[in-house]
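[1] dropping the sequence and predicted coords here.
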Amino acid sequence: MPPIKDALLLLLDVGPSMHYVLPEIEKACSLLVQKKLVFSKNDEVGIVLFGTEDTDNELTTEVGGYQHVVVLKNTKVVDGDIVEALQHLPRGTTDGDFVDAVIVGMNLLIKKFGQTNKGKKRICLITNAQCPIKESYEGTKEEQVTTIAKQLTAHGMKMESIIVRGKLSQDANKGIMDENDRLLNIFSKETSTRLLYLENPISLFGALKTRNITLVTVFRGDLEISPKLSIKVMVYKKTAEEKFPTLKKYTDKAPPNDKFATREVKIDYEYKSSEDPDKVVVPPDQRIRGYPYGPQIVPLSTSHWDAFKFLPEKGVKLLGFTDSSNVFRHHYMKDVYVFLPQPGNTRAMLAVSSLARAMKEMDKVAILRCVWRQGQANVVIGVLTPNLSDKENIPDSFYLNVLPFAEDVREFQFHSFSNFPASWLPNGQQLEAAANLVKALDLAPDGQEEVLLPDFTANPVLERFYRFLEQKSKDPDIAVPPLDDTLKKITEPDADLLLQNKSVIDSFCRSFELKGNPLKKSRRLFGGKRSFSNDEEIKENITAEPPNLIENASVKVEKIGDLTPAQDFEALISRRDSPDWVVKAINEMKNKIFDLVEDSHEGDNYPKALECLVVLRKGCILEQEPKQFNDFLKHLCNFCQEKSLHSFCQYLASKDLTLISKTEAVDSDVTDEEARSFLVKSEPKS
């Protein structure tokens, strides 16, 4: 029999005061078992209910007492029966005593495992702790709870408590809750486990840890301050993206009665010659990888690649300190790491604590160069932020966030609001309405717990996947269900919050004049030749706002043709599958305009060349490339004067086509006056 990784006993309060939150408890606990079926199918789970109308446990039969406690499922390997039981919990009729439930659960685990599986036996208590606890036969309640907690520790059990309070009813007795909180705090301290208070039942999905992540160090060694000074540290991952479980390919060709069949599909690849693909198979020693470099493929053998690899020495080195204001939060990349002093090393703990407190006091952060393991092909540059502990038994530490290199930063250019007219800027009333809206919809109001805390907010996509996986295991033909109402509360605005602040939202809407955006007629990219009907339309298109070139992105135009160059340019510059398309579109349009002007006979190509210049100008404004257009227009005018094509410059001047000024694009170095007078200066003297 495979070894048990984890034995979990759920103690669930089903009394009347818990009825409102039981649907979320059912979903969260059943989801826990569903994930164990995927990741930890050898784990065991048991269920004990308290606050029930009936009584069903061994202690009642053996010694008496422990009323209204029911062992719904004894601990056993996870299966569909436990999932089914958790999805349909009974509703109790009596106030629950969580101390009785803890004793029944502890007795259950002792009889099942004894002294084995130390550290793998866990008790998870979920209650609101609003009901009174019976008086102890000997000593006070605190002494009784302390004795129970020590017995839990002696038998290698851990107990975590999740207290779901939410909105308290008028019947709630604060004195009873304070007493219960003191008792639960004793359990938490004696067993060194979590004690969580939740106001929102949805937080159960994040508070109830459904996966056991093995604690593995990323790095063990010296944090090198200088060649003569280093601190022994251990580095762990603090956050990492949780992804879908790996999906494997299986086949149904194996006999259904064969218990030893794995039914896994194995895939083999064959590489064949393009000259004779039906016969010749290329052996591994004749294959080589290559990289495209222009029109050719540059081969790189394994020996070349190994010699080319950058293989730095393993280690974490301090590069220096800087003000925390110099490192921007939006530059943080990838996962977060935590630096802890080496356990049991007093000198390392004192060094880390001293350094962290000094950095906190001076508002400094450290820049590190990290190579986690020998032979690592990349170097990580990160920022080290101090994390001071407020608990005596937890040492000070550091958080490390990875910083980008120059190639990783995306510096996108956008239009400046300073160029807008005063009528477009918000007035005092609008700013006040916006401030009231932000304040009313604050998820972290003063004196209240923050809503959607990352530690307690589950990923709704993953939760939905595991729930559907469980349903599909019962019915292979089941359709994908709609998003659950509980998960909608994570992904959608809180309806109650919006209703409470309806007046603030309405005031914000009244402060702004909303106008409909009429749909524009789509432009045809192919078939038909577009031309400007008159001079007014040409001038309108020259000074118009940059077009929404994304409309044409669905048509995969590869180059600018002769039939519809303007439309081809708009489609080409709109493509976002590669940044090279913008450069390609601008360069091809420049060449097309040169060809039209040079091949013109008595100005017959001038209107089409002007049309191309107009769309090129708009595209350069949209893509923040004003210098490209301005330099090209100057070069084009010089070219026309050299080739005795003065009529084209005069034609452009008559159509009011100018350079792109700073008003139209922030990156332009041309003033409005220079833009207006350019073509006038370019005309030859009579």
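    Thanks, I have it. Numbering: from 1, shown residues only.

[2] hey, let's count contacts and neighbours off CA atoms from now on
    Fine.

[3] what is the burial count for Asp442?
    Asp442 has 13 neighbouring residues, counting by other Cα atoms under 10 Å.

[4] quick check: it is in a helix.
    No. Per DSSP: H, G, I helix; E, B strand; the rest coil, Asp442 lies outside any helix segment and is coil.

[5] offset the numbering so it begins at 20, please.
    Got it, the first residue is 20 from now on, which makes the last one we talked about Asp461.

[6] how close does it sit to Gly447?
    Here Asp461 is placed at a distance of 21 Å from Gly447 (Cα to Cα, to the nearest Å).

[7] where does Glu692 land on pLDDT?
    pLDDT, Glu692: 83.

[8] against Thr677, how distant is it?
    With distances taken as Cα to Cα, Glu692 is found 10 Å from Thr677.

[9] cool, and Leu481?
    Note on Leu481: its distance to Thr677, by Cα to Cα, is 55 Å.

[10] mind listing the helices for the stretch 320-469 of the chain?
    For the stretch 320-469 of the chain, the helices defined by DSSP state H, counting those that start in this stretch cover 321-327, 365-381, 447-459.

[11] could you dump these to TSV with mean neighbour count?
    TSV is the format used below for those (neighbours: other Cα atoms under 10 Å):
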stretch	mean neighbour count
helix 321-327	10
helix 365-381	16
helix 447-459	15
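
[12] of those, which is nearest Arg486?
    Closest approach to Arg486 among the helices of the stretch 320-469 of the chain (Cα to Cα): helix 447-459, 34.5 Å.

[13] the closest one: how far from the chain's middle?
    Distance, stretch centre to chain centre, for helix 447-459: 29 Å (Cα atoms, centre = their mean, to the nearest Å).

[14] which residues touch Ile195?
    By Cα atoms under 8 Å, 6 or more residues apart in numbering, the contact set of Ile195 is 149-151.

[15] now rank the residues you listed by neighbours and give me the top one.
    Counting by other Cα under 10 Å, top hit in the contacts of Ile195: Gln149 with 26 neighbours.

[16] where does that one sit: helix, strand or coil?
    coil.

[17] what does Glu294 give?
    Secondary structure assignment for Glu294 (three-state DSSP): coil.

[18] that one - how many residues pack around it?
    8.

[19] measure it to Val300 for me?
    Relative to Val300, Glu294 is positioned 11 Å away (Cα to Cα).

[20] hmm, who's touching stretch 507-514?
    Identification of contacts with stretch 507-514 by Cα under 8 Å, 6+ apart yields 221, 471, 476, 479.

[21] can I get those residues in a markdown table including pLDDT?
    Formatted as a markdown table, the contacts of stretch 507-514 follow (pLDDT from 0 to 100):
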| residue | pLDDT |
| --- | --- |
| Ile221 | 83 |
| Leu471 | 83 |
| Thr476 | 87 |
| Pro479 | 88 |
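
[22] so of the residues you listed, which ones are in helices?
    Pro479 (DSSP state H).

[23] in TSV, list the contacts of stretch 507-514 along with neighbour count.
    TSV is the format used below for these (neighbours: other Cα under 10 Å):
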residue	neighbour count
Ile221	22
Leu471	17
Thr476	16
Pro479	17
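
[24] with the contacts of stretch 507-514 in mind, which one is nearest to Val355?
    For the contacts of stretch 507-514, the residue nearest Val355 by Cα to Cα is Thr476; the value is 17.9 Å.

[25] could you list every residue that touches the residue nearest the centre of the chain?
    What sits nearest the mean C-alpha location of the chain, by Cα atoms, centre = their mean, is Glu260, with 7.4 Å. Going by Cα under 8 Å, 6+ apart, Glu260 touches Asp354.

[26] got the phi/psi numbers for it?
    With angles defined as degrees, to the nearest 10, Glu260 sits at phi -70, psi 130.

[27] tell me how far it lies from Val357.
    Distance from Glu260 to Val357, counting by Cα to Cα: 16 Å.

[28] how about Pro311?
    Between Pro311 and Val357 the computed distance is 40 Å (Cα to Cα).

[29] those two: who's more crowded?
    Remark: of Pro311 and Val357, Val357 carries more neighbours, 22 against 9, as counted by other Cα under 10 Å.

[30] correct me, but the more buried one touches Val254?
    Yes. Taking Cα atoms under 8 Å as the definition, Val357 is a contact partner of Val254 at 5.6 Å.

[31] just to revisit the earlier point, I'd like the contacts of Ile195 as CSV, with pLDDT appended.
    As requested, the contacts of Ile195 are exported to CSV (pLDDT from 0 to 100):
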residue, pLDDT
Gln149, 88
Cys150, 89
Pro151, 88
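
[32] adding distance to Glu179 as columns, could you present these in a markdown table?
    Output for these, formatted as a markdown table (distance: Cα to Cα, whole Å):
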| residue | distance to Glu179 |
| --- | --- |
| Gln149 | 17 |
| Cys150 | 19 |
| Pro151 | 20 |
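
[33] quick check: buried residues in stretch 478-486?
    478-479, 482-483, 485-486 (16 or more other Cα atoms under 10 Å).

[34] which strand or helix spans Ile122?
    helix 117-132 (DSSP states H and E).

[35] average pLDDT for that helix?
    Mean predicted confidence for helix 117-132 is 90.

[36] give the buried residues for it.
    In helix 117-132, counting by 16+ other Cα under 10 Å, buried: 117-129.

[37] do the same with stretch 489-505
    Within stretch 489-505, the residues scored as buried using 16+ other Cα under 10 Å are 489-490.

[38] contacts for that stretch?
    By Cα under 8 Å, 6+ apart, stretch 489-505 touches 43, 53, 221, 483, 487.

[39] in CSV: those residues, plus distance to Leu234.
    Shown next, in CSV, are those (distance: Cα to Cα, whole Å):
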residue, distance to Leu234
Glu43, 29
Gln53, 22
Ile221, 27
Arg483, 27
Phe487, 29
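
[40] which among those residues gets closest to Asp98?
    Of all the contacts of stretch 489-505, Asp98 sits closest to Gln53, with 8.5 Å by Cα to Cα.

[41] and that closest one, what helix or strand is that in?
    Going by DSSP H and E, Gln53 is in helix 41-58.

[42] what is the helix or strand following that helix packed up against?
    Under the assignment DSSP H and E, the closest C-terminal helix or strand after helix 41-58 is strand 63-69. Under the contact criterion of 3 or more Cα pairs under 8 Å, 6 or more residues apart in numbering; DSSP states H and E, strand 63-69 touches strand 26-32, strand 88-96, helix 117-132.

[43] can the ones you listed go into CSV with extra columns for distance to Asp197?
    Below are the helices and strands packed on strand 63-69 laid out as CSV (distance: least, Cα to Cα, whole Å):
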stretch, distance to Asp197
strand 26-32, 18
strand 88-96, 23
helix 117-132, 15
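
[44] what's the closest of those to Arg306?
    The nearest among those, by Cα to Cα, is strand 88-96 at 49.1 Å.

[45] return that closest one as CSV; C-alpha atoms alone will do.
    Provided in CSV are the C-alpha atoms of strand 88-96 (Å, rounded to 0.1, in the frame of the first residue of the first chain):
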residue,chain,number,x,y,z
VAL,A,88,-21.2,15.4,17.4
VAL,A,89,-21.4,13.1,14.4
VAL,A,90,-18.5,11.3,12.7
LEU,A,91,-19.8,11.6,9.1
LYS,A,92,-16.8,9.9,7.5
ASN,A,93,-14.0,8.1,9.2
THR,A,94,-10.5,8.9,7.7
LYS,A,95,-10.0,7.0,4.5
VAL,A,96,-8.2,7.4,1.2
